[in-house]
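> everything below, folded, please.
(one chain, ligands or ions: 1)
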Amino acid sequence: MTTVRSTAMESVMSQPHTVPPFAVISGAQVQQALQDREKQVVDLVEATYELHAAGESVNPPSYFLRFPDRPSSRIIALPASIGGQVRVDGLKWISSFPDNVQSGIPRASAVLILNDHDTGYPFACLESSIISATRTAASAALAADRLTRNRQRPTRIGFFGTGLIARYIHTFLTAVGWSFDETGVHDVSPDSAAGFRDYLRQTSAAGQITLHDSPEELIRSSDLVVFATIAGEPHVSDPAWFDHNPLVLHVSLRDLAPEIILASTNIVDDVEHCLKAGTSPHLAEQLTGNRDFLHGTLADVMTGRVTPPTDRPLVFSPFGLGVLDLAVGTYVYDETARSGQLRVIEDFFHDLRRHG
Ligand SMILES: NC(=O)c1ccc[n+]([C@@H]2O[C@H](COP(=O)([O-])OP(=O)(O)OC[C@H]3O[C@@H](n4cnc5c(N)ncnc54)[C@H](O)[C@@H]3O)[C@@H](O)[C@H]2O)c1
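Coordinates of the predicted model:
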């Protein structure tokens, strides 16, 4: 018998604790639960950033597992806990194997484990590449909105790196009301750029679509630039390309040379997280020996504590917080349970009597 995950209040009242059923949620089910829910997910991500800023979360540093024999690959563990009304713990375990793309399969694959607040028992394993891309895109859409409220709303967007994350970000932006007069596309892979252009042509909000061979041309012709490459170190270093003070969603984190970071207003999702692992802000900190170039977090902007100036480029570097995966994963779990589609693995936890 399957029961929906108890709410915080129910679990306080339901004593003694019991072992929860363990469910597996497939990518198809995840996609179904998130279909056409972009606005709700952006609201959920916003609420989760607020919760995190209020200290109602535990979000330790991500752990990067790397391999001497496969230096371009990695698997990252993102443990996290959300308090408040949500009360759930868990772990995202996400692989990045860039060579997969040559074989026609996605670079990233992931699972998310949700743990019960009261017993610690894992109660679900969810396919999580969709959840991860969704929370990343929702965060980018939220940032685009919050960071342009005091400046002219961009009408020319440029995608620098055009894989799965770029597609999710475009989908989220348009779903929450953005449309563009011009959409620029740049990728080192002509196939990726062409595939993304074909995707854009099927949408209604892209305006005129231009493929740019030159990265400079893409940046100079965009007032909203989305970086979603897999670059491991900076490859854009001329601050003059940003003279028109665009908003830059620096989702891939390692594209910009420290000189550009230092010439910009910098907003991050979490300071301690973002200044790690060779991100561009981390390189800027190593170069200057201080964090003076950081202006605040997205939550600071949301609450009005920080108002980014409009006379410099504005760079948002989101490290990507495990609490966002937990929040979106819990939403998917609850939706799946509500629709009666939860697939419980009977007897998953076994030998539960202490002395047999
Ligand atoms: N910050 C976050 O929260 C977060 C979350 C998820 C993914 N990401 C990052 O987003 C990035 C994109 O992920 P994806 O799944 O779309 O990857 P992907 O492999 O599907 O696409 C990446 C694209 O970038 C292109 N590219 C690589 N180097 C480039 C360069 N120097 N200039 C132009 N194009 C270049 C590739 O050809 C490819 O088309 C990754 O770096 C990933 O780590 C960040």
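> who are the contact partners of the closest residue to the ligand within the stretch 251-356 of the chain?
The nearest approach of the stretch 251-356 of the chain to the ligand comes at Gly320, 2.4 Å away (C-beta to the nearest ligand atom). All C-beta spots, glycine's among them, are computed from the backbone N, C-alpha and C. Listed by C-beta atoms under 8 Å, 6 or more residues apart in numbering, the contact partners of Gly320 are Leu78, Ser132, Arg135, Thr136, Ser139, Asp269, His273.
> what's the pLDDT at it?
For Gly320, the pLDDT comes out at 96.
> for the residue of the stretch 101-250 of the chain at minimum distance from the ligand, list the residues it contacts.
Relative to the ligand, the nearest point of the stretch 101-250 of the chain is Gly163 (1.9 Å; C-beta to the nearest ligand atom). For Gly163, the contacting residues are Val101, Arg107, Ser192, Ala228, Ile230, by C-beta under 8 Å, 6+ apart.
> which one among the residues you listed gets closest to Glu50?
Of all those, Glu50 sits closest to Ala228, with 25.4 Å by C-beta to C-beta.
> can you count the residues close to the closest one?
Look at Ala228: counted by other C-beta atoms under 10 Å, it has 26 neighbours.
> one more: Arg312?
So Arg312, with other C-beta under 10 Å, has 14 neighbours.
> three-state assignment of it?
Recorded secondary structure, Arg312: coil (DSSP: H, G, I helix; E, B strand; the rest coil).
> now do the contacts for it.
Residues in contact with Arg312 (C-beta under 8 Å, 6+ apart) are Asn245, Ala263, Ser264, Thr265.
> who wins on neighbours among those residues?
Ser264 (26 neighbours).
> so how far is Asp187 from the residue of the stretch 101-250 of the chain closest to the ligand?
With the distance defined as C-beta to C-beta, to the nearest Å, Gly163 ends up 8 Å from Asp187.
> same question, Ile25
32 Å.
> ok, Pro239 next?
For Pro239, the distance to Asp187 (C-beta to C-beta) stands at 23 Å.
> does the residue lying closest to Thr18 once chain neighbours are set aside count as helix, strand or coil?
For Thr18, ignoring the flanking residues on the chain, the nearest one in space by C-beta to C-beta, 6 or more residues apart in numbering is Thr119 at 7.7 Å. Following three-state DSSP, the label given to Thr119 is coil.
> just to revisit the earlier point, can you tell me which of the contacts of Gly320 is closest to Ile94?
Of the contacts of Gly320, the one sitting nearest to Ile94 (C-beta to C-beta) turns out to be Ser132, at 5.9 Å.
> name the nearest residue to the closest one, ignoring sequence neighbours.
Ala110 (5.4 Å).
> bridging residues for the one you found?
On the basis of DSSP bridges, Ala110 is bridged to Ile94.
> same check on the one 4 residues further on?
Partner residues in beta bridges with Leu114: Gly90, Ala124, with DSSP bridges as the criterion.
> my guess is His282 meets Leu275, correct?
Yes. If you go by C-beta atoms under 8 Å, His282 and Leu275 touch, sitting 5.0 Å apart.
> how far does stretch 20-30 stretch from one end to the other?
Distance across stretch 20-30, first residue to last, is 20 Å (C-alpha to C-alpha, to the nearest Å).
> show me the contact partners of that stretch.
With C-beta under 8 Å, 6+ apart, stretch 20-30 has contacts from 1-3, 5, 116, 119, 121-131, 332-333, 336-337, 341-345, 348-349.
> same question for stretch 227-234.
By C-beta under 8 Å, 6+ apart, the list of residues contacting stretch 227-234 reads 72, 96, 98, 107, 159-163, 165-166, 169, 187-188, 235, 248-252, 254-258, 278, 280, 283.
> in the stretch 101-250 of the chain, which spans are strands?
For the stretch 101-250 of the chain, the strands defined by DSSP state E, counting those that start in this stretch occupy 108-116, 122-127, 156-160, 182-186, 208-211, 224-227, 247-250.
> need those in CSV with mean pLDDT, distance to Thr310 and mean neighbour count, can you?
Shown next, in CSV, are the strands of the stretch 101-250 of the chain (pLDDT from 0 to 100; distance: least, C-beta to C-beta, whole Å; neighbours: other C-beta atoms under 10 Å):
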stretch, mean pLDDT, distance to Thr310, mean neighbour count
strand 108-116, 98, 35, 21
strand 122-127, 98, 40, 23
strand 156-160, 98, 16, 27
strand 182-186, 98, 21, 23
strand 208-211, 97, 25, 14
strand 224-227, 98, 14, 26
strand 247-250, 98, 10, 27
